[in-house]
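J.: Starting from these lines, generate the structure:
(chains A and B)
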Amino acid sequence: GAVVSQHPSWVICKSGTSVKIECRSLDFQATTMFWYRQFPKQSLMLMATSNEGSKATYEQGVEKDKFLINHASLTLSTLTVTSAHPEDSSFYICSARVRGRGGNQPQHFGDGTRLSIL
Amino acid sequence: AQTVTQSQPEMSVQEAETVTLSCTYDTSESDYYLFWYKQPPSRQMILVIRQEAYKQQNATENRFSVNFQKAAKSFSLKISDSQLGDAAMYFCALTGTASKLTFGTGTRLQVTL
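T.: Residues are numbered from 1 along each chain as shown, chains lettered A, B, ... in the order given. Below you'll find the model as predicted:
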């Protein structure tokens, strides 16, 4: 149980393109999903917390207009990298927590998306 | 603010031996939870073990166990009978009431024959 699906797993696109990444909880409902960015050989950095039915909460230094987050349902959150540039190339990972549970419930992670901007 | 520190960038262990990965943390919250995640080359994040701060008993999951020292704010991971499949990056993580995970910088574990 607690499977999180992330799509696509790898995307290569031209500079200036917008890219959408989907994060789905397949067998549970998630009122809260999280988006992380991971540079090579580094740790995960939280970008934003996605709340179902409300605006996302962004971490300091993360551009809201660059990284658009939508959490339209209890099983789906999307991250759109708008007008992507080479510096946006990175590994993006989402996670979800089971609805209604406290902080002791672990976050379940998707398999990540490798984004390469040419 | 929460911080998690992993002071060992790389560790190596022989197959079937035991290895301990270190983690220290800091938080102002009294109610928090600690986790160890494993990230193999596939880059999937896999939960290894978790510990509730209010529990004194150290968590164990098969070959994995923790040494939770609350006063020292230390949360080390012990892997017994190491296997080749244990080779990965290991991240220590902390979450409080805000449910946001704060990760350490990771420890790369190599398992040798």
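J.: Enumerate the residues of chain A near chain B.
T.: Residues of chain A found near chain B (CB under 8 Å from any CB of the partner chain) are A:32, A:34, A:38, A:42-44, A:46, A:49, A:91, A:93, A:95, A:97, A:103-104, A:106-109, A:111-112. Placement of C-beta: from N, CA and C, glycine included.
J.: Please report how far A:H7 lies from A:K41.
T.: 25 Å (CB to CB, to the nearest Å).
J.: Ok, B:S28 next?
T.: 30 Å.
J.: just B:Q51 next, same as before
T.: 27 Å.
J.: can you give me the strands in chain B?
T.: Secondary structure of chain B, counting by DSSP state E: strands at B:3-5, B:10-14, B:19-21, B:24-26, B:33-39, B:46-52, B:60-61, B:64-69, B:74-79, B:88-95, B:101-103, B:107-112.
J.: what's in contact with the first one?
T.: Surrounding strand B:3-5, the residues in contact under the criterion CB atoms under 8 Å, 6 or more residues apart in numbering or on different chains are B:C23, B:T24, B:Y25, B:D26, B:T27, B:C92, B:A93, B:L94, B:T102, B:F103, B:G104, B:T105.
J.: switch to 6 Å and redo it
T.: With contact meaning CB atoms under 6 Å, 6 or more residues apart in numbering or on different chains, strand B:3-5 is reached by B:T24, B:Y25, B:D26, B:C92, B:L94, B:T102, B:G104.
J.: Return a ChimeraX selection command for the buried portion of those.
T.: Only the buried members of the contacts of strand B:3-5 end up in this ChimeraX selection, burial being decided by 16 or more other CB atoms under 10 Å in any protein chain shown:
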select /B:24,25,92,94,102,104
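J.: wait, which of the contacts of strand B:3-5 is closest to chain A?
T.: Of all the contacts of strand B:3-5, B:G104 has the smallest distance to chain A: 6.5 Å, by CB to the nearest CB.
J.: And the closest one, how far from A:H71?
T.: For B:G104 relative to A:H71 (CB to CB), the value is 27 Å.
J.: re earlier: now, the residues of chain A next to chain B that are in strands?
T.: Those of those lying in strands (DSSP E): A:T32, A:F34, A:Q38, A:L44, A:L46, A:T49, A:F91, A:I93, A:S95, A:R97, A:H108, A:F109.
J.: Now render those residues as a markdown table, adding pLDDT and neighbour count.
T.: Output for these, formatted as a markdown table (pLDDT from 0 to 100; neighbours: other CB atoms under 10 Å in any protein chain shown):
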| residue | pLDDT | neighbour count |
| --- | --- | --- |
| A:T32 | 88 | 20 |
| A:F34 | 95 | 25 |
| A:Q38 | 95 | 20 |
| A:L44 | 94 | 26 |
| A:L46 | 94 | 18 |
| A:T49 | 93 | 19 |
| A:F91 | 96 | 17 |
| A:I93 | 97 | 25 |
| A:S95 | 95 | 25 |
| A:R97 | 85 | 23 |
| A:H108 | 90 | 23 |
| A:F109 | 94 | 25 |
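J.: Looking at these, spot the one nearest A:S15.
T.: Nearest to A:S15, judged by CB to CB, of these is A:F91 at 18.4 Å.
J.: What sits closest to that closest one if chain neighbours are left out?
T.: A:Q38 (4.5 Å; CB to CB, 6 or more residues apart in numbering or on different chains).
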